[in-house]
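> Predicted model and sequence follow; I will ask about them next.
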Amino acid sequence: MNAQNINQKPVVKRETKNKIRVDFDRTPLKDRLKAKFLSFHFIAKVVLWIFRMVLMIGISYIVLFPFLTKISGSFMAPEDFVDVTVRLIPKHFTLDIYRGIISELGYWEAFMNTFTLSFCCAIIQTFICCLIGYGFAKFKFKGRNLLFLLVMLTMIVPHQTLQLSMFMEFRYFDIFGIVRLLKGGGIELFGHNIKDLGEGVAAVFEKINILPDEIKWGQYFTERGVEKWKVQMEVTEAGINLCNTYFPLVLLSLGGLAFKNGLYIFLLRQFFRGIPDELEESAYMDGSGTFRTFIQIILPLSVPMMITVFLFAFCWQWTDDFYTGLFFSSTNVNLLTKIVDIPPSLKLEYAGTDLYNSAIRNTCGLMIIAPLVILYAFCQRFLVQGIEHSGIAN
Amino acid sequence: MTKDVKLESAKAPKRKKIASLDRRKARAGWVFVLPFIIGFVIIYLPMIYESIMLSFHKLEIAGGNKAGYDTIFVGFQNYSDALFVDPNFVQTLISGLKQLAFDIPAILIFSLFMAVMLNQKAAGRGLFRAIFFIPVVLSTGIMESIAAMDIMDDYMGSDEGIDDGSGQSAAQDLVSTMDMERLFANMKVGEGLVKYVTEAINNIYDIVNRAGVQMLIFLAGLQSISPAIYESCKIDGATAWETFWKITFPMISPMILVNGVYTVIDSFTTDSNAVMKYIANKYSEADGNVISSAMAWMYFLIVILIVAAIASVISAFVFYQRKND
């Protein structure tokens, strides 16, 4: 076939001023299709494509199915859970569960509180981890490796190990005994208090009592007219009680010690290492200081990576129930992670109670992550984009 | 010559007033990591110190009008109690370690495989990427504990009545061991491997859930391999299989080290880990149950040892590309 074609002379089909269109007699369509679709290469490609798609769709199904059951269960009426013919599609469509959660469990208040907390913590964590990661990536100083080992250590120590002492730390918060001193408790050194030296000394130290017994602000009244404070901290000689405020988590974030911050620091360090040094050097040449270079040149370059870290920090803080369970014990601060419960009006006793309660809990979960889904939809493209520029390999 | 030396020595004292660039950079480095240093010294060190101290003490509710607890030093009693008196701790620990030996290869292989799949340019790549990273972002913390109490999932997935009774549903048991064994019987790959694969497939949801960050790190690694290498491979006539083992695998081996260490740490410290659950239960059982502290520290030591062991084993095989720039 081909040999024939070559022997044929090309035919000039059309000629204009500066274009000539030349056409050979083409191979018949049938042969062209045969050559294209019956080759081994093509068949291998199709088989691979089918294999890939089956695998991808299968795993997507595994990921999405639990969410699907949760969504369908959330619209079901109690009758549907004892009806054997009902599986994924509700027979008696109802919004009772959503209504119950919003009105009886205080969803909106919890939502606002959680949003404030997660947003503050995520912003602080992103910025602080950027600072620390940049410090480790671009500067050589003594003890750098040791310090980085300590960062890794904070990641390796399971937080359950520190549960009790972490609670104590923030229940009686005191830095180097400053609060004790200002509260008239004197100075404690190696288990002995300076006040024990004599009554005169004790009297002097007791005069220093400048801290109030209670720090509180943000007064508001509940629907029943009960007086409440947004922030209420008790101050004693033993320290300030920071529980039931946002301070413990904010302080942990400020020190780069909050949940998984070691991972963020590691990722950011790798990212900053990938930025060529020449960029900063030219900035220094132009007379820009280290911090100005960092803020004005490095940070704008690393927006995708920062969004990745922010997304992780925000979402993991949002769904975190370990720290919030540890620090928020009172009912003053309602958080989303604490609303998982059965609303009083939906408490039923019948054959399907277990399933129904499970469906209600699942709906709580759905409503907790609903805002995150929206955030994720906007941010997910940065997730890979940010990481893929990090050049972790080097 | 002598003149030059003199000139330099005359200049030197003047220069000393301004710190050298290296010095200034070192100082700036300290300033950048300062938040961590302050946080570590003020918050973290006291916590660790107190926690270690607590594990050597016993708490007793203070008598008289004193509030709070009294601490009594008991030495290693908590540790020996955890090891020899507590009936379940050692068992939980050993089964937890066994689970880990199962989990780490499964998670690493799965995440590497998925990262390679997601890295290929094909239709729907963006969509699948978005779906695969849903669990790592959303199914954490409170969602995990909700999922643990969830019985809806099994019910919806099953094709039998409400009182199935078998405790197993269609969704849960994607592949039955029998089917797989029949499939592999003629391939002579050994019973252990078959069991491993079936178990991994039955736990696929768990594995997908926990492989998110690893997948992300592998993807980043794959992206950083220069396409020129693949091109020259293709020209030399290497197959895809050869390219993977000779190019992709060595190039990504540093990432395998990172992910191996991360997986160990992550699966050791999640709330769903059996040992972690046991320790948390012990903690909440009674206020001032310090034995949980001792257990946690022993557990931590084991984790460190395993991390060090795995890191040293994997790093022997890691290939580092020499930097040309």
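It's in. All figures in this text were calculated on a predicted structure; none of them were measured in a lab.
> going forward, measure contacts and count neighbours with C-alpha atoms only.
OK.
> so where is chain B shaky, pLDDT-wise?
B:1-19, B:60-70, B:153-189, B:286-289, B:321-325 (pLDDT under 70).
> And for chain A?
A:1-15, A:23-25, A:185-186, A:188-192, A:218, A:220-226, A:331-332, A:384-394.
> which stretches of the stretch 201-325 of chain B form helices?
B:204-210, B:212-223, B:227-235, B:240-243, B:249-269, B:274-285, B:291-315 (DSSP state H, counting those that start in this stretch).
> Could you single out the most deeply buried of these?
Compared across those, helix B:212-223 shows the largest average neighbour count, a mean of 24 (mean count of other Cα atoms under 10 Å in any protein chain shown).
> between that helix and helix B:249-269, how big is the angle?
170 degrees (axes from the mean of the first three to the mean of the last three Cα atoms, to 10 degrees).
> how about helix B:212-223, does it reach chain A?
Yes. Using Cα under 8 Å from any Cα of the partner chain, helix B:212-223 reaches chain A at B:216-217, B:219-221, B:223.
> so what secondary structure elements neighbour that helix?
Applying 3 or more Cα pairs under 8 Å, 6 or more residues apart in numbering or on different chains; DSSP states H and E, one finds that helix B:212-223 contacts helix A:353-388, helix B:89-119, helix B:134-138, helix B:249-269.
> In contact with the nearest residue to B:Ile304 once chain neighbours are set aside, which residues?
Computed as Cα to Cα, 6 or more residues apart in numbering or on different chains, the closest residue to B:Ile304 that is not its neighbour in sequence is A:Ile156, at 7.7 Å. Remark: with contacts taken as Cα atoms under 8 Å, 6 or more residues apart in numbering or on different chains, A:Ile156 is in contact with B:265, B:269, B:300, B:303-304.
> where does the stretch 151-300 of chain A come near chain B, residue by residue?
So far as Cα under 8 Å from any Cα goes, the stretch 151-300 of chain A lies against chain B at A:155-162, A:164-166, A:169, A:175, A:252, A:254-257, A:290.
> and which of the residues of helix B:212-223 next to chain A is nearest to chain A?
Nearest to chain A among the residues of helix B:212-223 next to chain A is B:Ala220, at 4.2 Å by Cα to the nearest Cα.
> Quick check: that closest one vs B:Gln214, distance?
Using Cα to Cα, to the nearest Å, B:Ala220 is found at 10 Å from B:Gln214.
> still on that earlier bit, go through the helices of the stretch 201-325 of chain B and name the closest to A:Val47.
helix B:240-243 (14.8 Å; Cα to Cα).
> Identify the farthest-apart pair in the contacts of A:Ile156.
Top of the distance list for the contacts of A:Ile156 (Cα to Cα): B:Thr269 and B:Ile304, 11.9 Å.
> which residue does the stretch 151-300 of chain A bring closest to chain B?
For the stretch 151-300 of chain A, Cα to the nearest Cα, closest residue to chain B: A:Gly255, 4.0 Å.
> and that residue, what does it touch?
A:128, B:35-40.
> are any of those residues buried, and which?
Neighbour-count burial (16 or more other Cα atoms under 10 Å in any protein chain shown) applied to the contacts of A:Gly255 gives A:128, B:35-37, B:39-40.
> Would you mind pulling up the elements that whatever helix or strand A:Gln125 lives in packs against?
Assigned by DSSP states H and E, A:Gln125 belongs to helix A:107-138. Helices and strands touching helix A:107-138, by 3+ Cα pairs under 8 Å, 6+ apart, are helix A:247-254, helix A:261-273, helix A:303-319, helix B:21-39.
> What are the buried residues along it?
For helix A:107-138, burial by neighbour count (16+ other Cα under 10 Å) applies to A:107, A:110-111, A:113-115, A:117-138.
> ok, back up a step: for B:Val90, which of the helices and strands packed on helix A:107-138 is the nearest?
helix A:261-273 (29.5 Å).
> So which other helices or strands are in contact with that closest one?
Applying 3+ Cα pairs under 8 Å, 6+ apart, one finds that helix A:261-273 contacts helix A:107-138, helix A:144-156, helix A:303-319.
> State the three-state secondary structure for A:Val231.
Three-state assignment for A:Val231 (DSSP: H, G, I helix; E, B strand; the rest coil): strand.
> what does A:Trp217 give?
Secondary structure assignment for A:Trp217 (three-state DSSP): strand.
> For it, give me its contacts.
Neighbouring residues of A:Trp217 by Cα under 8 Å, 6+ apart: A:229-232.
> export these to CSV and tack on neighbour count?
As requested, the contacts of A:Trp217 are exported to CSV (neighbours: other Cα atoms under 10 Å in any protein chain shown):
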residue, neighbour count
A:Trp229, 14
A:Lys230, 13
A:Val231, 18
A:Gln232, 19
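> Let's have the residues you listed in JSON lines, adding distance to A:Met76.
Output for the contacts of A:Trp217, formatted as JSON lines (distance: Cα to Cα, whole Å):
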{"residue": "A:Trp229", "distance to A:Met76": "39"}
{"residue": "A:Lys230", "distance to A:Met76": "37"}
{"residue": "A:Val231", "distance to A:Met76": "40"}
{"residue": "A:Gln232", "distance to A:Met76": "42"}
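> And chain A, split by domain according to the record?
Under automatic domain parsing, the residue ranges defining each domain of chain A are A:1-34, A:109-170+A:243-339, A:174-241.
> Out of the ones you listed, which one sits most buried?
By mean count of other Cα under 10 Å, the domains of chain A have domain A:109-170+A:243-339 as the most buried, with a mean of 20.
> now the residue lying closest to A:Asp341 once chain neighbours are set aside: how far from A:Tyr98?
Distances taken as Cα to Cα, 6+ apart put A:Arg361 closest to A:Asp341, at 6.4 Å, once the chain neighbours are dropped. A:Arg361 is 11 Å from A:Tyr98, where distance means Cα to Cα.
> more crowded one of those two?
In this view A:Arg361 and A:Tyr98 are compared by other Cα atoms under 10 Å in any protein chain shown, and A:Arg361 has more residues nearby, 26 against 17.
> ok, now which ones touch the more buried one?
A:340-342, B:146.
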